[in-house]
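Chemist: with the sequence up front, the predicted model follows.
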Amino acid sequence: MTVSFNLNLKGKKILIIGGGRVATRKIKSLLAEQAIVRVISPIVTTSIRLWVEQGKINWLQRKWQHGDCSGAFLVIAATDNPEVNLQIAMDCNDFQLLCVIDQPEQSTISFPATLRRGRLTVSVATDGASPLFSRQLRDKIGLDLADDTADYLDFLHQLRRSVFNRISDIQERKWWNQEALRPEYHDRKKQAQLLSIFHSEE
Ligand SMILES: C[C@@]1(CC(=O)O)C2=NC(=C\c3[nH]c(c(CCC(=O)O)c3CC(=O)O)Cc3[nH]c(c(CC(=O)O)c3CCC(=O)O)/C=C3\N/C(=C\2)[C@@H](CCC(=O)O)[C@]3(C)CC(=O)O)/[C@H]1CCC(=O)O
Ligand SMILES: NC(=O)c1ccc[n+]([C@@H]2O[C@H](COP(=O)([O-])OP(=O)(O)OC[C@H]3O[C@@H](n4cnc5c(N)ncnc54)[C@H](O)[C@@H]3O)[C@@H](O)[C@H]2O)c1
């Protein structure tokens, strides 16, 4: 079994070995995170080439060599050669995060099926049982989300910060944060009214 975390990868070095279809999908989900991404692979997909040309990622056009993994915060072994992927795993130390795309038992992390709506992240995983089930459930949850989810979370965030700054009693803070979850606060005017209670006290 695994424990889920939300990783802040800003400024962290991520090494991806292999530049095929799976590597491309993993890079796509990492690109928004302001991480420093390097790919080592003799051949890469058109998407990866484009990201390289746009200066978004760095590419070493060659095969993986022993020692390449040193200094990376996260290593993704994504070649189509299981033997090479295993060697990469052996090359990593215990302090590096590692995802071996064809050998989950060698990995310390795996990628969930993910959906973002502003500040909301939905992540679905099955401990490797069925990535397709994860994807399907993620998409189902996405259909149930209201169109205003990102804006509504910005409102909840703003309210919670105001409550935190103005109110010291924890029960009272909880009351306001609970109040904001009522369906009527999906209305922009109602949101503004609630926020103004705190701003008028400034
Ligand atoms: C969710 C998603 C996220 C992402 O990749 O970002 C993801 N796999 C996705 C797609 C996908 N994966 C596979 C297929 C082909 C169909 C099939 O076989 O089912 C497709 C479909 C496709 O490619 O279209 C096959 C596959 N996957 C793994 C193995 C190795 C093994 O199980 O041993 C094999 C067999 C290879 C073989 O047989 O050769 C392993 C992993 N795949 C994971 C995640 C992790 C577990 C997640 C969980 O716990 O649910 C884990 C453990 C490690 C990891 O990769 O992090 C993404 C969908 C999200 C999206 O589409 O947005
Ligand atoms: N985890 C997942 O989500 C998932 C999904 C589907 C398949 N898989 C597994 O992942 C493997 C790779 O899938 P793919 O579709 O990305 O393959 P692919 O053939 O599209 O890409 C393989 C890449 O590895 C590179 N490569 C090969 N040997 C290398 C080396 N020694 N050093 C550096 N780079 C090297 C190739 O140049 C190529 O860019 C499959 O064989 C399958 O077992 C995993």
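Modeler: All right, it came through fine. Residues are numbered from 1 along each chain as shown. Ligands and ions are numbered 1, 2, ... in the order given.

Chemist: in the helix or strand in which Thr24 is found, what's buried?
Modeler: Using DSSP states H and E, Thr24 falls within helix 21-31. The neighbour-count check on helix 21-31 (16 or more other CB atoms under 10 Å) flags 22-24, 26-27, 30 as buried. The C-beta positions use only the backbone N, C-alpha and C, and glycine is treated the same way.

Chemist: likewise stretch 64-76?
Modeler: 64, 68-69, 72-76.

Chemist: could you do stretch 156-174 as well?
Modeler: Quick answer for stretch 156-174 (16+ other CB under 10 Å): 156, 158-159, 162-163.

Chemist: closest to Gln34 among these?
Modeler: Of all the buried residues of stretch 156-174, Gln158 has the smallest distance to Gln34: 23.2 Å, by CB to CB.

Chemist: pLDDT value on the closest one, please?
Modeler: The per-residue pLDDT reported for Gln158 equals 97.

Chemist: how far away is the closest residue to it other than its chain neighbours from Glu179?
Modeler: Nearest non-adjacent residue to Gln158, counting by CB to CB, 6 or more residues apart in numbering: Leu195, 6.3 Å away. Between Leu195 and Glu179 the computed distance is 12 Å (CB to CB, to the nearest Å).

Chemist: and Ile141, by the same measure?
Modeler: For Ile141, the distance to Glu179 equals 25 Å [CB to CB].

Chemist: same deal with Lys13?
Modeler: From Lys13 to Glu179 the distance is 44 Å (CB to CB).

Chemist: list the contacts for the residue of the chain found nearest ligand 2?
Modeler: Shortest the chain-to-ligand 2 distance, computed as CB to the nearest ligand atom: residue-wise this is Gly20, at 1.8 Å. Applying CB atoms under 8 Å, 6 or more residues apart in numbering, we find Gly20 in contact with 41, 43-45, 78-80.

Chemist: mind checking pLDDT for it?
Modeler: 98.

Chemist: got phi/psi on it?
Modeler: phi -90, psi -160 (degrees, to the nearest 10).

Chemist: among the buried residues of stretch 156-174, which are in helices?
Modeler: With helices taken from DSSP state H, the overlap with these comprises 156, 158-159, 162-163.

Chemist: outline the domain layout of the chain.
Modeler: 13-111, 149-199 (automatic domain parsing).

Chemist: what about the helices in this protein?
Modeler: 21-31, 46-53, 82-91, 131-144, 149-166, 170-179, 188-199.
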